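Visitor: Okay, sequence plus prediction incoming.
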Amino acid sequence: MNGPSVGTPVEPCDFTVFGGTGDLALRKLLPALYLRDRDGQLPDGFRIIGVSRADVDDDGYRAMVEGALAEHVAHDELADDVVRRLLGRLHHVTLDVEDVGAWHRLHDRLKDGAAGEDVIRVFYLAVAPALFGPICEHLDQVGLATDRSRVVLEKPIGTDLATAETINEAVGRVFDESHIFRIDHYLGKESVQNLLVTRFANTFLEPLWNSHWVDHVQITVSEALGVGERGSYYDRSGALRDMVQNHLLQLVCLVAMEPPTYVDRETVRDEKLKVLQALRPLTPELVDRDVVAGQYAAGLSGGVLAPSYADEVGHESSTETFVALKTEVQNWRWAGVPFYLRTGKRMSERVSEIVVVFKEPPHPMFPHSEGPTEPNRLHIRVQPDEGMRLHMTAKEPGPGGIRLRPVSLDLSYAAAFGGRSPDAYERLLMDVVRGNTTLFMRRDEVEAAWAWVTPILDRWSRPSHRPRRYPAGTHGPVAAVTLLERDGRSWQETE
Ligand code: NAD
């Protein structure tokens, strides 16, 4: 959050992407770098080096990336001269990272840059997490892990606490924590950062942001799509590991954290860690009562018949594509306030939203009024259409009597600020080059999050565990509705 504005040019850099021909690189990373280049943020001497097993030379890689930009960058953002400039920055090194004898190829390519040894080196690991440790070890062996190097780790960082610790140990043997960037792209989203600004750069909200005034908090991250071609990866992961352990718990942290002294790299992460450590520990009984696993069955999604998860992955499976859970942040500010989280695939729509539901007024002042009184709600929309909406009750204009009507105060980013909201990756990649770790997860945060979900993983690893079915295109299994109904509450579905 601190540091230079998003448009300030960064220093020259050798930006190496392991997995440079993969889906993540071509769909997200290179379009993000293109847009930063378009906005003048990449200086001369900024090189992008794709590393992969693919047998392509520089020209072949440039052609591949040109195709990816045409596909993944909006047409009105594409400019021929910028595309040419970006392609000119590209190189490809064919390297199986497990082949020790081939590493000299990357070494030679990185050593031949005009900027010399002083150049910033970013190593973005867009490959399977099992390769994170070996890659760092080899970078060290060939002398590429220097004080000017940074390493970026994509999720998933492990599949449980033990594997996360192993990865963190291996990477930590080579890179200092201040040079390790564990990316959670949710933290790069404008509305997520704006949540911090709204809370801490204004005074009106903070006095209300506690158990005296907040009834409960809901966080929903739903996708309309199924697993598609990522089935074999997803089937080994599931929604708990893929979404809850990282994205949803990070959102809980930002909603619940105490004001840091300054918004800078360590204080924000210190406060987030305290939230993770304050989450109510789960017992097997609480998992059974407060955590719901679901899996989509066939159903109508966007008016089209969508196959079941089992049909998509080609076999019966107990992997969950949906999780809903209730938790609590057990500290002075939040004691007694439920946090309900929910995420799923093949839901009725794609939406990520945080809803803070305030308490009802303590006393009904308008006993003879007509119309509903609804509690105030603050909706923070993460995607799509980033923005905020505050739901209030107002008097409907007109003579005689008082009629109450719910109204909303809207802050749409697009309407208020105009222009395009940069993609999360655009911001985060530039933060990596600048060495700003504020929006990245620290080792202790990742491990605290894994520790908290461990009782769920344990409980769900029993052979008898079966996620509840829900038809594609719906809001998830009935048990997720019951989770709130038994507390006298209900999910806030998008209007
Ligand atoms: P992918 O299968 O499309 O691409 C994998 C890339 O890694 C290819 O370039 C391949 O050549 C390279 N690679 C694989 N093994 C290698 C080796 N031994 N040596 C050198 N290169 C090797 O995968 P992806 O979808 O791009 O995902 C990459 C990683 O990022 C995965 O761990 C995935 O879970 C994670 N991730 C992906 C996405 C996404 O949207 N695709 C999102 C978040 C995280």
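Guide: Okay, I see it. As the structure is a computational prediction, the values presented were derived from the model and not from experiment.

Visitor: ends of stretch 36-53, how far apart?
Guide: Distance across stretch 36-53, first residue to last, is 27 Å (C-alpha to C-alpha, to the nearest Å).

Visitor: and it with the ligand, contact?
Guide: Yes: Stretch 36-53 reaches the ligand (C-beta under 6 Å from any ligand atom) through 52-53. Heads up, the C-betas are built off the backbone N, CA and C, glycines and all.

Visitor: show me where the stretch 301-450 of the chain has strands.
Guide: Applying DSSP state E, counting those that start in this stretch to the stretch 301-450 of the chain gives strands spanning 304-306, 322-328, 338-344, 351-358, 377-383, 387-395, 404-412.

Visitor: Pull the distance from the fifth one to the chain's centre.
Guide: Centroid displacement of strand 377-383 relative to its chain, using C-alpha atoms, centre = their mean, to the nearest Å, is 15 Å.

Visitor: Give me the angle between that strand and strand 351-358.
Guide: 160 degrees (axes from the mean of the first three to the mean of the last three C-alpha atoms, to 10 degrees).

Visitor: So which residue of the chain lies furthest out from the middle?
Guide: The C-alpha centroid of the chain is most remote from residue 400, which lies 50.3 Å away (C-alpha atoms, centre = their mean).

Visitor: Include distance to residue 278, mean neighbour count and mean pLDDT when you put the strands of the stretch 301-450 of the chain into JSON lines, please.
Guide: Converted to JSON lines, those look like this (distance: least, C-beta to C-beta, whole Å; neighbours: other C-beta atoms under 10 Å; pLDDT from 0 to 100):
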{"stretch": "strand 304-306", "distance to residue 278": "39", "mean neighbour count": "13", "mean pLDDT": "94"}
{"stretch": "strand 322-328", "distance to residue 278": "9", "mean neighbour count": "24", "mean pLDDT": "98"}
{"stretch": "strand 338-344", "distance to residue 278": "11", "mean neighbour count": "24", "mean pLDDT": "98"}
{"stretch": "strand 351-358", "distance to residue 278": "18", "mean neighbour count": "21", "mean pLDDT": "96"}
{"stretch": "strand 377-383", "distance to residue 278": "21", "mean neighbour count": "21", "mean pLDDT": "92"}
{"stretch": "strand 387-395", "distance to residue 278": "25", "mean neighbour count": "17", "mean pLDDT": "91"}
{"stretch": "strand 404-412", "distance to residue 278": "30", "mean neighbour count": "14", "mean pLDDT": "88"}
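
Visitor: got those strands as TSV, with distance to the ligand columns?
Guide: Compiled in TSV, the strands of the stretch 301-450 of the chain are given as follows (distance: least, C-beta to the nearest ligand atom, whole Å):
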stretch	distance to the ligand
strand 304-306	20
strand 322-328	18
strand 338-344	15
strand 351-358	15
strand 377-383	15
strand 387-395	25
strand 404-412	27
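
Visitor: Can I get these in JSON lines including distance to residue 205?
Guide: Shown next, in JSON lines, are the strands of the stretch 301-450 of the chain (distance: least, C-beta to C-beta, whole Å):
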{"stretch": "strand 304-306", "distance to residue 205": "40"}
{"stretch": "strand 322-328", "distance to residue 205": "21"}
{"stretch": "strand 338-344", "distance to residue 205": "17"}
{"stretch": "strand 351-358", "distance to residue 205": "9"}
{"stretch": "strand 377-383", "distance to residue 205": "8"}
{"stretch": "strand 387-395", "distance to residue 205": "10"}
{"stretch": "strand 404-412", "distance to residue 205": "13"}
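
Visitor: do you know which of the ones you listed lies nearest residue 97?
Guide: Across the strands of the stretch 301-450 of the chain, residue 97 has its closest neighbour in strand 338-344 (31.8 Å, C-beta to C-beta).

Visitor: Identify the residues contacting that closest one?
Guide: 216-223, 239, 243-244, 247-248, 252, 255-256, 294, 296, 321-329, 470, 476, 480, 483-484, 487, 489, 491 (C-beta atoms under 8 Å, 6 or more residues apart in numbering).

Visitor: Paired strands for that strand, with orientation please.
Guide: Strand 338-344 has the following strand partners under DSSP bridges: strand 214-222 (parallel), strand 322-328 (antiparallel).

Visitor: average model confidence for the longest one?
Guide: Put plainly, it is strand 214-222. Strand 214-222 carries an average pLDDT of 98.

Visitor: Pull that strand out as PDB, backbone CA atoms only.
Guide: This file holds the C-alpha atoms of strand 214-222, laid out as PDB (Å, rounded to 0.1, in the frame of the first residue of the first chain):
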ATOM      1  CA  VAL A 214     -21.800  -5.800  13.900                       C
ATOM      2  CA  ASP A 215     -24.200  -8.700  14.000                       C
ATOM      3  CA  HIS A 216     -22.200 -11.000  11.700                       C
ATOM      4  CA  VAL A 217     -19.900 -11.000   8.600                       C
ATOM      5  CA  GLN A 218     -20.400 -13.000   5.400                       C
ATOM      6  CA  ILE A 219     -17.800 -13.700   2.800                       C
ATOM      7  CA  THR A 220     -18.800 -15.400  -0.500                       C
ATOM      8  CA  VAL A 221     -16.500 -16.300  -3.300                       C
ATOM      9  CA  SER A 222     -18.500 -18.100  -5.900                       C
END
